[in-house]
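Undergrad: just the structure for this:
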Amino acid sequence: MAGGISAAVGVRFGFGNAKGIARFCERDFRPSEAVPFATVQVLLLAASGGLASPLLPIMFAGAHNAGLFGGPAASRSVFVVHVVGLWTLLALHLTHVVELVPHPLVDTHWPGPTFLTSIAVGMTGALIGAHVMGLRTREAVDEQLRQAVLAREAALGNYRERADELTTLSAEIAHELKNPLATVKGLAALLGRDAEGKSAERLLVLRREVDRMQGILDEFLNFSRPLAPLTVRRVDLGKLAREVIDLHEGIASDRRVAMELDADLGVGAVCDPRKIKQILVNLLQNALDAAGPETTVEIVVRRVVDLVEIQLLDRGAGVPADLSERVFEAGMTTKPNGNGLGLPMARALARQHGGDLRLAPRGDGHGCAAIVQLPVLGPALANADAEASISDVAPPPKPAVEPHAARTRDDAAVPLAEGALGAMT
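TA: Just a heads-up that it's a prediction; the model follows:
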């Protein structure tokens, strides 16, 4: 009966601590946890008959698990507690200071001192084997995990190399496509000089589509190469915003969208004006795409403590909250004809300056606010009196083609087209 009760207590102890054992499996079994665990095992043996306890085998599981889940330090602690406990139980058996064996079971056939001593010696040897087995199993598992991690890193390295090769190849292909597109655009410009009516309109559509393709190629080429170093100086951001608005007057007029600028007088920052202009061009084009007819796109430039904040506000549909960060992932776009490269590159440029770019709903809930924040004193190592070059690894955006820019590029493409026609004749 005593053995049955002790076995039930042992089983209850094991299942009652299942959650604790699960936690030990998730991390190393510390010595401070191992010693009480082993002590409880010894006390269970003492309460259920000492060296004659039917629960004696639980020591093997404890020893093995200490080596497997705890490592050398915890394993040594458990081993010491187990061995000390075994020989203490043997001493109690031999001296009868405490009667460990239930009295009704003590008779002339009960094992003598020699047999009990052999149990203690045998258990000590078996515990050594259990501890060693646990440690060896742990080492084998750790080695397998290490090999798996190395294999994973090697595979990731191969994937990165392959991705770099594909990126380089794609960039080369995109670069090679630019010259034929320039020739097509130049030919369209030449033909458009004498065309009238529907033919002129069709050639204009052709040139616009070529412009769009060139813009996509330019964005891809910028995305596939690292950021160029910054060349910073003190810039009046209100004037820069006005330049960007002037660039888009034609597009805004065609779409019947008004543009307004609200800038603090003389507000500026140390930055690379060319790249900040690229950010604003990209964001203003997005705002014009989103804005409906007879609405207004606003650009607000304010000094906020040690930052300059530029907000581009439109009255479009806005960006859903669950997409406000995802739109900054390459390839993610909410526009039917978008390529998902503009916003990631714009944020990369802002962060290259030590600032940031985010999207938020407008205060009244109607429309979207694109918010650019730039440090007044510029990026690290830059100051207002000297130029500094700071490199980064993120890609910059390039402005898409504007009406006046399209005319300039048309003029540059005409000689190419004339040369191509000369070669054909």
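
Undergrad: so residue 364, which state does it fall into?
TA: coil (DSSP: H, G, I helix; E, B strand; the rest coil).

Undergrad: OK, contacts around residue 355?
TA: By CB atoms under 8 Å, 6 or more residues apart in numbering, the residues touching residue 355 are 307, 372-375. For the C-beta atoms, the positions are set from N, CA and C on the backbone; glycine is no exception.

Undergrad: residue 329 too?
TA: Counting by CB under 8 Å, 6+ apart, residue 329 touches 340, 344.

Undergrad: where does this structure dip in pLDDT?
TA: Residue ranges of the chain with pLDDT under 70: 1-29, 97-111, 219, 222-226, 331, 336-339, 380-425.

Undergrad: one more time with 50
TA: Where the chain drops to pLDDT under 50, the residues are 1-24, 103-108, 381-412, 414, 416-418, 420-425.

Undergrad: which of the contacts of residue 355 sit farthest apart?
TA: Across those, no pair lies farther apart than 372 and 375, at 11.6 Å, counting by CB to CB.

Undergrad: who has more neighbours, these two?
TA: residue 372 (25 against 17; other CB atoms under 10 Å).

Undergrad: okay, the contacts of residue 355 in TSV with distance to residue 196 and secondary structure next?
TA: Listed next are the contacts of residue 355 as TSV, based on distance: CB to CB, whole Å; DSSP: H, G, I helix; E, B strand; the rest coil:
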residue	distance to residue 196	secondary structure
307	54	strand
372	45	strand
373	51	strand
374	49	strand
375	54	strand
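
Undergrad: closest one of the residues you listed to residue 243?
TA: Distances from residue 243 to the contacts of residue 355, taken as CB to CB, are shortest for residue 372 (15.5 Å).

Undergrad: any idea which element the residue lying closest to that closest one once chain neighbours are set aside lies in?
TA: Once flanking residues are discounted, residue 372 sits nearest to residue 310: 4.3 Å by CB to CB, 6 or more residues apart in numbering. In the assignment (DSSP states H and E), residue 310 maps to strand 307-313.

Undergrad: please enumerate the helices of the stretch 151-300 of the chain.
TA: 197-223, 237-247, 249-254, 273-290 (DSSP state H, counting those that start in this stretch).

Undergrad: can you give me how far the first one is from the chain middle?
TA: On the basis of CA atoms, centre = their mean, to the nearest Å, helix 197-223 is displaced by 35 Å from the centre of the chain it belongs to.

Undergrad: CA atoms only: put stretch 138-146 into PDB for me.
TA: Output in PDB follows, covering the C-alpha atoms of stretch 138-146 (Å, rounded to 0.1, in the frame of the first residue of the first chain):
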ATOM      1  CA  ARG A 138      22.300  17.400 -25.800                       C
ATOM      2  CA  GLU A 139      25.600  17.700 -27.600                       C
ATOM      3  CA  ALA A 140      24.300  15.700 -30.500                       C
ATOM      4  CA  VAL A 141      21.200  17.800 -30.800                       C
ATOM      5  CA  ASP A 142      23.200  21.000 -30.500                       C
ATOM      6  CA  GLU A 143      25.500  19.800 -33.300                       C
ATOM      7  CA  GLN A 144      22.500  19.000 -35.500                       C
ATOM      8  CA  LEU A 145      21.000  22.400 -34.900                       C
ATOM      9  CA  ARG A 146      24.400  24.000 -35.600                       C
END
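
Undergrad: what residues sit buried inside it?
TA: By 16 or more other CB atoms under 10 Å, the buried positions in stretch 138-146 come out as residue 138.

Undergrad: do stretch 346-365 as well
TA: Within stretch 346-365, the residues that count as buried by 16+ other CB under 10 Å are 346-350, 352-355, 357, 359, 362.

Undergrad: now do it: distance from first to last residue.
TA: Its start and end residues considered, stretch 346-365 measures 24 Å (CA to CA, to the nearest Å).

Undergrad: residues near the nearest residue to residue 354 once chain neighbours are set aside, how many?
TA: Once flanking residues are discounted, residue 354 sits nearest to residue 379: 4.2 Å by CB to CB, 6+ apart. Residue 379: 21 surrounding residues under other CB under 10 Å.

Undergrad: isn't there a strand covering residue 379?
TA: No. With three-state DSSP as the criterion, residue 379 is coil rather than part of a strand.

Undergrad: before we move on, back to that, pick the most deeply packed of the helices of the stretch 151-300 of the chain.
TA: helix 273-290 (a mean of 22; mean count of other CB atoms under 10 Å).

Undergrad: can I get that helix as PDB, trimmed to CA atoms?
TA: Provided in PDB are the C-alpha atoms of helix 273-290 (Å, rounded to 0.1, in the frame of the first residue of the first chain):
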ATOM      1  CA  PRO A 273      18.200  69.900 -52.500                       C
ATOM      2  CA  ARG A 274      18.200  67.600 -55.500                       C
ATOM      3  CA  LYS A 275      17.100  64.600 -53.500                       C
ATOM      4  CA  ILE A 276      14.500  66.500 -51.400                       C
ATOM      5  CA  LYS A 277      13.100  67.800 -54.600                       C
ATOM      6  CA  GLN A 278      12.800  64.200 -55.800                       C
ATOM      7  CA  ILE A 279      10.900  63.300 -52.700                       C
ATOM      8  CA  LEU A 280       8.500  66.200 -53.100                       C
ATOM      9  CA  VAL A 281       8.000  65.500 -56.900                       C
ATOM     10  CA  ASN A 282       7.100  61.900 -56.100                       C
ATOM     11  CA  LEU A 283       4.700  62.800 -53.300                       C
ATOM     12  CA  LEU A 284       3.000  65.600 -55.300                       C
ATOM     13  CA  GLN A 285       2.500  63.300 -58.200                       C
ATOM     14  CA  ASN A 286       0.800  60.800 -55.900                       C
ATOM     15  CA  ALA A 287      -1.400  63.600 -54.500                       C
ATOM     16  CA  LEU A 288      -2.400  64.700 -57.900                       C
ATOM     17  CA  ASP A 289      -3.200  61.200 -58.900                       C
ATOM     18  CA  ALA A 290      -5.400  60.700 -55.800                       C
END
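
Undergrad: tell me the helices and strands packed up against it.
TA: strand 233-236, helix 237-247, helix 249-254, strand 295-304, strand 307-313, helix 342-352, strand 368-375 (3 or more CB pairs under 8 Å, 6 or more residues apart in numbering; DSSP states H and E).

Undergrad: the shortest one - contacts with which helices or strands?
TA: Right, the one you point to is strand 233-236. Short answer (3+ CB pairs under 8 Å, 6+ apart): strand 233-236 packs on strand 268-271, helix 273-290.

Undergrad: what about it, distance to the chain center?
TA: Here strand 233-236 is found 33 Å from its chain centre; the criterion is CA atoms, centre = their mean.

Undergrad: partner strands of it, parallel or antiparallel?
TA: With DSSP bridges as the test, strand 233-236 is paired with strand 268-271 (antiparallel).

Undergrad: fine by me, we can end here.
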